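Student: Let's see this in three dimensions:
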Amino acid sequence: MSFSVGQVAGFAGVTVRTLHHYDEIGLLSPSARSHAGHRRYDEGDLDRLQQVLFYRELGFPLDQVAVLLDDPEADPQEHLRRQHELLSARIAELKKMAEAVEHAMEAKKMGINLTPEERFEVFGDKDPEQYAEEAEARWGGTDAYAESQRRTARYTKADWKRMQDEAADWGSRYDALMGEGEPSDGERAMDMAEEHRLHIDAWFYECGFQMHTCLGDMYVGDERFKAFYDSMRPGLAEHLRDAIHANARRHGYTPEDAG
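Tutor: As a prediction, this is how the structure comes out:
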């Protein structure tokens, strides 16, 4: 069985012009011609074309491909073995590239325009992406999540550092407040809770009193959030939750309003 140049071009995904060029330079000459002088390719020609395209995909120039294929001491099995080794090496390289792209995609998804080194520098040993999948699963369909993603996508390293510094300053002042015996419904505690709400409102999403009281409950109900706040001072998570609720009531909101 033989095939026309157009059929072979279709099989191989190359142009007819490419096949004509291969013929002109002696890289792939068809084994036969029709009565009208048209090129006709047989199974052996297709095998050689496959080898040519393999080597071209691996980056070999055409003159080197011709030398490799015309080596009298190399058999088809040897070509396949060599190509397998080269392709395996290429796959390993591409996997590394794919992993790098995946990391970049995840960073973009989190809205953090930083290198991994910069993220580590800013956040220390706290991975900002640790709960990313869970966060999207829990809140991904909410307006607040979408707004947070939109805002943080614009933040630079300096923005993230400033936000971290603000949070650290707030934490040290809340620690001191508790050390002085301030009750959770005291004016200073409620003012600190309001500052906490406004920090979220400014940096991430609109945080009304209903949202803030829900967050306060989560800071105690979720062991991971509780551990984070209690690492500043034992008992801070519950104290903050109560201060958040007291501040909401001070502004005329009670949890029952949500019903």
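
Student: For stretch 219-226, measure first residue to last.
Tutor: 5 Å (C-alpha to C-alpha, to the nearest Å).

Student: That one: how far from the chain's middle?
Tutor: Centre-to-centre, stretch 219-226 and its host chain are 27 Å apart (C-alpha atoms, centre = their mean, to the nearest Å).

Student: list the buried ones in it?
Tutor: Under the neighbour-count criterion of 16 or more other C-beta atoms under 10 Å, stretch 219-226 has 219-220, 225-226 buried. Any C-beta I mention is one placed from the backbone N, CA and C, and that applies to glycine too.

Student: try stretch 61-69
Tutor: Neighbour-count burial for stretch 61-69 [16+ other C-beta under 10 Å]: 65-66, 68-69.

Student: Which members of those residues are the farthest-apart pair?
Tutor: Maximum pairwise distance among these (C-beta to C-beta): 7.4 Å, between Ala66 and Leu68.

Student: thinking again about what came up before, going by distance to Arg82, which of the buried residues of stretch 219-226 wins?
Tutor: Phe225 (56.6 Å).

Student: tell me which element the residue nearest to the closest one when sequence neighbours are not counted is part of?
Tutor: Excluding the flanking residues, the one nearest Phe225 by C-beta to C-beta, 6 or more residues apart in numbering is Tyr219, at 4.6 Å. Per DSSP states H and E, Tyr219 falls inside helix 209-221.

Student: Next: Lys226.
Tutor: With DSSP H and E as the test, Lys226 turns up in helix 223-230.

Student: next structured bit after that helix?
Tutor: Per DSSP H and E, the first helix or strand lying C-terminal to helix 223-230 is helix 236-250.

Student: related to what we said a few turns ago, quick check: angle from the helix holding Lys226 to helix 236-250?
Tutor: 90 degrees (axes from the mean of the first three to the mean of the last three C-alpha atoms, to 10 degrees).

Student: Could you verify that Arg162 is part of a helix?
Tutor: Yes: applying DSSP: H, G, I helix; E, B strand; the rest coil, one finds Arg162 inside a helix.

Student: Distance of it relative to His199?
Tutor: 11 Å (C-beta to C-beta, to the nearest Å).

Student: Could you do Lys226 as well?
Tutor: Between Lys226 and His199 the distance, using C-beta to C-beta, works out to 19 Å.

Student: wouldn't Leu62 be in contact with Ile25 here?
Tutor: Yes: using C-beta atoms under 8 Å, Leu62 makes contact with Ile25 at a distance of 6.7 Å.

Student: Leu27 in helix, strand or coil?
Tutor: Leu27 is classified as coil under three-state DSSP.

Student: Look at it and say how many residues are nearby.
Tutor: As a burial measure, Leu27 scores 18 neighbours (other C-beta atoms under 10 Å).

Student: Now it, what are its backbone angles?
Tutor: Per-residue torsions, Leu27: phi -80, psi -40 (degrees, to the nearest 10).

Student: Just the residues contacting the helix holding Tyr219, thanks.
Tutor: For helix 209-221, contacts defined as C-beta atoms under 8 Å, 6 or more residues apart in numbering pick out 144, 193, 196-197, 200, 207, 225-226, 229, 237-238, 240-242, 244-245, 247-248, 251, 253, 255, 257-258.

Student: if you set the cut-off to 6 Å instead, what comes out?
Tutor: For helix 209-221, the surrounding residues in contact (C-beta atoms under 6 Å, 6 or more residues apart in numbering) are 197, 225-226, 229, 237-238, 241, 244-245, 248, 251, 253, 255, 258.

Student: what angle do the helix or strand hosting His196 and helix 236-250 make?
Tutor: Using DSSP H and E, His196 sits in helix 187-203. Relative orientation of helix 187-203 with respect to helix 236-250: 90 degrees, computed using the same axes, to 10 degrees.

Student: Could I get the buried residue list for stretch 151-158?
Tutor: For stretch 151-158, by 16+ other C-beta under 10 Å, it's 152, 155.
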